[in-house]
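J.: show me the folded form of this:
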Amino acid sequence: MRTLLTILFCIACVLSYAQIKPVKLQCEHLVNPLGIDTPEPRLSWQLKDDRYGALQQEYRVIVGTDSAAVVVGKGNMWDTQKVASDQMLVCYNGLPLSPFTRYYWKVDIRDKDQEVRTSDVVAFETGMMHISNWKGSWISDGHELHGKDIYDKSAPYFRKEFAAAKKVKSARAYIAVAGLYELYINGEKIGNHRLDPMYTRFDRRNLYVSYDITSNLKNGDNALGVLLGNGWYNHQSMAVWYFDRAPWRNRPAFCMDVRVTYEDGSTEIITTDNSWKTSPSPLIFNSIYTAEHYDARLEQPGWDKTGFDDSGWGRITLRGVPSQNIASQQLYPIRNVEKIPVRSVTKIDDYTYRYDLEQNISGVTEFRVEGDAGTIITLEHAELLDENGRIRMSNLNEHYRPTDDSDPFQKDIFILSGKGEDVFMPKFNYKGFQYVEVKSSKPIELTKDNLTAWFMHSDVPPIGSLETSNPLINKIWRATNNAYLSNLFGYPTDCPHREKNGWTGDGHIAIETALYNFDALTVYEKWLADHRDEQQPNGVLPAIIPTSGWGYHWANGLDWTSTIAIIPWSIYEFYGDSRLLSDCYDNIKRYVDHVTDLSPDGLTDWGLGDWVPVKSRTPVEFTSSIYYYVDVMILANAAKLFDRQDDCLKYNALAEKIKKAVNDKYLNTETGIYGEGVQTELSVPLQWGIVPEAYRQKVADNLAKRVITDGSHIDVGLLGSKAILNALSENGYSDLAFTVASQQTYPSWGYWISKGATTLYEAWAVEPGKETSLNHIMFGEIGAWFYKALGGIRIDQQAPGFKNTFLKPQFVKGLNFSKVTYESPYGEIVSNWERKGKTISYKVVIPANSKAELYIPTGYTLKKIRLTSGEKIELNRISENVYELVAGNYHLELK
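T.: Below you'll find the model as predicted:
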């Protein structure tokens, strides 16, 4: 038996050894993407190698147009040859890329044993690459021919038939839209994206989407169909942000090129032109902000198939291009990601039913029902119920300014056809809700099966996990992620109902929570392009991005619009990728220089301050000046990274000036207290490195005393919530930080959970009748703190992208175990600890080609060290209680 086990073990080792290779190859941080427009796309990979000390000593990237040649190591576009480097992210630097071309690539690496390991061959495909490569015209059903204008409520259909006379080898569709769309070919919807293309400043940049439609075409006749929606382009609903007055506002329009390559090598391009036809659709009203109205009696079966009689359809009208910047949409798309179960359905009367979901979500409901023609069904979506069990909208429609009752907030209207089962799901809208009240104009019998709820958001891959012995902590983590995803729709928003705005403050406060939990880089690269579109020549940014023009006059100070610096820097820290930081460098510089012109003494009161605090108040000048310092330090560090020595010297000096100005005015060096000594005043300077080192512990001690005085509860607003837990746990008070994080009474995150929350709220207080949004991410920093404190997985700025990880787990009182994983650019980092009496059993995984520095918490000693395989090893001791961990799977014991 022992011999058999030995043989099986040897076989397993051989198989494992054979599987060592580069994996997870990506181009522009996407897998096998279509429509790449950048001439120097980024190529990245990981090394699958679980062995102790696994690393990459050299790489060779091969790119070519012939996949078979690339397989055998021949690339006609780029061959780096052997590069002695452990780098796993490179920028393409070969022959110029051509548009509409598929490129194959692979990577060879040399491992720790000098063995060459080869990846599978993957691909990326270029798109338009330049606006001049578009062949189609922009078309609409516009008012020139049909008397339609921006106030027309119907969503238009468009169709065209064409013949594929030869056998199709491949086909691509490229579609750019001002507004929203769905694309259909031969009766089938193309793709599973929702709300394409993403929202931009439409008069400055428009996005197009690329599709592989080879399998959707057939030899002979084919039909193309497009349904256009308003989105943010033609905003018809009225609200306080004046999107109805946007300078770009117009009737939706689109441009499409369908490129067909035949097996004989010839190419045909079918474009949008005067040959297309248009007609109103059954979608009689659509608003991204409020709801949709659908009349099933107006359906035209077969409208997107060949042979349809479109003789009654009208001519299209040609339109000018909305902007001169038509860019490829390269990000994880919005999808119906998760089906949310209906917890219960309650019959209120013969006409009315209430559906309760298991959680609060962003998304849509899909409704199926049979009934008489003309029966009107309304589906009203809400977060709250009143004392009678009916839905209550008072916390959601505060900012809505309707001019009549034709556009009710978050209430879909569905008119039945009377021809069997009708199905309705909004195409160009989403909502925030947990309850749905369904009303019928005629008596109706409904069950759970009639309604399906879809959690809808940007489908960013989850890359982090958390599980602890405290169910409350687990619920807070899930609620934080639910709130984050509910507010990710191609840009981060504040809430999925009341506003749907890209508030900059919410965006940068939650950035670490976002990046520890999700692979969201592509969404943030798009959003920072929106920032660059919106920035004024003098550097000023609006408070919400994108915007129709609102937000340049209020709320756009340092504490909010520091997104322009904080997010690119955070992306660099988490991914080790400096492209976004480089793209935004001049924008950060303009922004900082403008503030410097306004604030020559180093202090600024431009901002909103510690928004929605519990009770204490912190001077706006204090927090805004600290964010000014943060931005300047980021600029100085970026200047050093990009070898801009003059800028580096200039902005380091400016940062010191701001730091001195803040400390001179607000720090009492005798007491170690900033200002009045409230939680935000003490935690924010600790979080952002304002406190002089000589006073750091004294300030931290005062913070701990203040928190205890406040009942070990939070007394902070938005800016303080970013800092409070970090400032405590990073300065010797991790147990107190955990006590604060795990409170269940007001004010706390756990208080919301005790009230039944499945997302985070906009305000700490939950007062019946005075509620605000129940699905807000702005207090979401706690989601990142779990990784930084309980898992101890922290960034090393000198080795970004977790090339080196600072591993500083906190074995806090009140937890028996904590399991944290994070998928870094190098692979999965695992930090799992369990309390066994006075011993901590600690399991750590450091992925191949990376390392970590393990900091043993004060009061603990490292007693046993072995690999998961059982092999005992010695760790390199860097300093007292700090050890180096190379790649490997470890089992440690501490007492």
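
J.: the one helix or strand Ala639 maps to - contacts with which helices or strands?
T.: Assigning secondary structure by DSSP states H and E places Ala639 in helix 620-641. Judged by 3 or more CB pairs under 8 Å, 6 or more residues apart in numbering; DSSP states H and E, the packing partners of helix 620-641 are helix 558-561, helix 563-575, helix 579-598, helix 645-666, helix 679-687. For every residue, glycine as well, the C-beta is placed using N, CA and C.

J.: tell me which residues of it come out buried.
T.: With burial defined by 16 or more other CB atoms under 10 Å, the residues of helix 620-641 counted as buried are 620-639, 641.

J.: quick one: neighbours of Glu893, just the number.
T.: 15 (other CB atoms under 10 Å).

J.: now do Asp212
T.: Each residue near Asp212 was counted by other CB under 10 Å, and the total is 16.

J.: show the pLDDT at it.
T.: Reading off the per-residue confidence, Asp212 sits at a pLDDT of 98.

J.: the one 4 residues further on now?
T.: Looking at Asn216, its pLDDT stands at 98.

J.: tell me the spacing between Val63 and Lys82.
T.: Going from Val63 to Lys82 by CB to CB, to the nearest Å gives 15 Å.

J.: more crowded one of these two?
T.: The neighbour count for Val63 versus Lys82, taken as other CB under 10 Å, is higher for Val63 (26 against 14).

J.: residues in contact with that one?
T.: Listed by CB atoms under 8 Å, 6 or more residues apart in numbering, the contact partners of Val63 are Val70, Gly75, Met77, Trp78, Asp79, Tyr92, Gly94, Tyr103, Tyr104, Trp105.

J.: measure stretch 80-90 end to end?
T.: Taking CA to CA, to the nearest Å, the span from the opening residue of stretch 80-90 to its closing residue is 10 Å.

J.: so that it lines up with my notes, have the first residue be 54 from now on.
T.: Sounds good: first residue 54 from here, last item stretch 133-143.

J.: ok, back up a step: let me know the closest of the contacts of Val116 to Thr649.
T.: Comparing the contacts of Val116 against Thr649 with CB to CB places Tyr145 closest, at 37.4 Å.

J.: what's the neighbour count on that closest one?
T.: Other residues lying near Tyr145 total 23 when counted by other CB under 10 Å.

J.: one more: Pro300?
T.: Using other CB under 10 Å, Pro300 has 10 neighbouring residues.

J.: for it, give its distance to Ala231.
T.: Between Pro300 and Ala231 the distance is 13 Å, computed by CB to CB.

J.: closest one to Tyr347 among the helices and strands packed on helix 673-694?
T.: Evaluated with CB to CB, the helices and strands packed on helix 673-694 place helix 616-628 nearest to Tyr347, the distance being 37.1 Å.

J.: and the angle for the closest one with helix 673-694?
T.: Helix 616-628 runs at 50 degrees relative to helix 673-694, counting by axes from the mean of the first three to the mean of the last three CA atoms, to 10 degrees.

J.: run the chain-centre distance for helix 616-628.
T.: With CA atoms, centre = their mean, to the nearest Å as the basis, helix 616-628 stands 13 Å off its chain's centre.

J.: tilt between that helix and helix 632-651?
T.: Taking the same axes, to 10 degrees, one finds helix 616-628 and helix 632-651 inclined to each other by 150 degrees.

J.: mean confidence score for helix 616-628?
T.: When pLDDT is averaged over helix 616-628, the result is 98.

J.: swap in stretch 230-238?
T.: In this model, stretch 230-238 carries a mean pLDDT of 98.

J.: and for stretch 795-802?
T.: Taken as a whole, stretch 795-802 carries a mean pLDDT of 98.

J.: what does stretch 940-948 give?
T.: Per-residue pLDDT over stretch 940-948 has a mean of 97.

J.: got the buried residues for that stretch?
T.: Residues of stretch 940-948 classed as buried by neighbour count (16+ other CB under 10 Å): Ala940, Gly941, Asn942, Tyr943, His944, Leu945, Leu947.

J.: same check, this time on stretch 224-231
T.: Of the residues in stretch 224-231, Ala224, Arg225, Ala226, Tyr227, Ile228, Ala229, Val230, Ala231 count as buried by neighbour count, 16+ other CB under 10 Å.

J.: output those in CSV; the columns should cover secondary structure and distance to Phe855.
T.: Shown next, in CSV, are the buried residues of stretch 224-231 (DSSP: H, G, I helix; E, B strand; the rest coil; distance: CB to CB, whole Å):
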residue, secondary structure, distance to Phe855
Ala224, strand, 41
Arg225, strand, 36
Ala226, strand, 38
Tyr227, strand, 36
Ile228, strand, 37
Ala229, strand, 37
Val230, strand, 38
Ala231, strand, 40
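
J.: tell me the one of those residues nearest Tyr261?
T.: Distance ranking of those against Tyr261, using CB to CB, places Ala229 first at 3.7 Å.

J.: tell me the pLDDT of the closest residue to the closest one other than its chain neighbours.
T.: Using CB to CB, 6 or more residues apart in numbering and skipping residues adjacent in sequence, the residue nearest Ala229 is Tyr261, 3.7 Å away. Among the per-residue scores, Tyr261 shows a pLDDT of 98.

J.: ok, now which ones touch Tyr261?
T.: Counting by CB under 8 Å, 6+ apart, Tyr261 touches 88, 180-181, 227-230, 250, 308, 379-382.

J.: try it again with 10 Å
T.: With contact taken as CB atoms under 10 Å, 6 or more residues apart in numbering, Tyr261 is in contact with 88, 90, 180-181, 187, 226-230, 249-250, 307-310, 379-382.

J.: re the thing from before, identify the farthest-apart pair in the buried residues of stretch 940-948.
T.: Using CB to CB, the buried residues of stretch 940-948 span at most 21.1 Å, a distance reached by Ala940 and Leu947.

J.: and the contacts of Val116, which of them are in helices?
T.: Filtering the contacts of Val116 for membership in helices, criterion DSSP state H, returns Val123.

J.: Serialize the contacts of Val116 to a markdown table and add fields for pLDDT and distance to Pro853.
T.: Putting the contacts of Val116 into a markdown table (pLDDT from 0 to 100; distance: CB to CB, whole Å) gives the following:
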| residue | pLDDT | distance to Pro853 |
| --- | --- | --- |
| Val123 | 98 | 30 |
| Gly128 | 97 | 29 |
| Met130 | 98 | 29 |
| Trp131 | 98 | 25 |
| Asp132 | 98 | 28 |
| Tyr145 | 98 | 21 |
| Gly147 | 98 | 26 |
| Tyr156 | 98 | 28 |
| Tyr157 | 98 | 30 |
| Trp158 | 98 | 24 |
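
J.: out of the contacts of Val116, which two sit at the greatest distance?
T.: Considering CB to CB, no two members of these lie farther apart than Val123 and Tyr145, which are separated by 14.0 Å.

J.: mutual contacts of the two, please.
T.: Contact criterion CB under 10 Å, 6+ apart; residues bridging Val123 and Tyr145 by contacting each: Val116, Met130, Tyr156, Trp158.

J.: in PDB, list the C-alpha atoms belonging to the helix or strand where the first one lies.
T.: Val116 belongs to strand 111-117 when assigned by DSSP H and E. What follows is strand 111-117 as a C-alpha-only set of coordinates in PDB (Å, rounded to 0.1, in the frame of the first residue of the first chain):
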ATOM      1  CA  GLU A 111      13.400  35.600 -18.500                       C
ATOM      2  CA  TYR A 112      10.600  35.900 -21.000                       C
ATOM      3  CA  ARG A 113      10.000  35.900 -24.700                       C
ATOM      4  CA  VAL A 114       6.900  37.300 -26.300                       C
ATOM      5  CA  ILE A 115       6.000  36.300 -29.800                       C
ATOM      6  CA  VAL A 116       3.200  38.000 -31.900                       C
ATOM      7  CA  GLY A 117       2.100  37.200 -35.400                       C
END
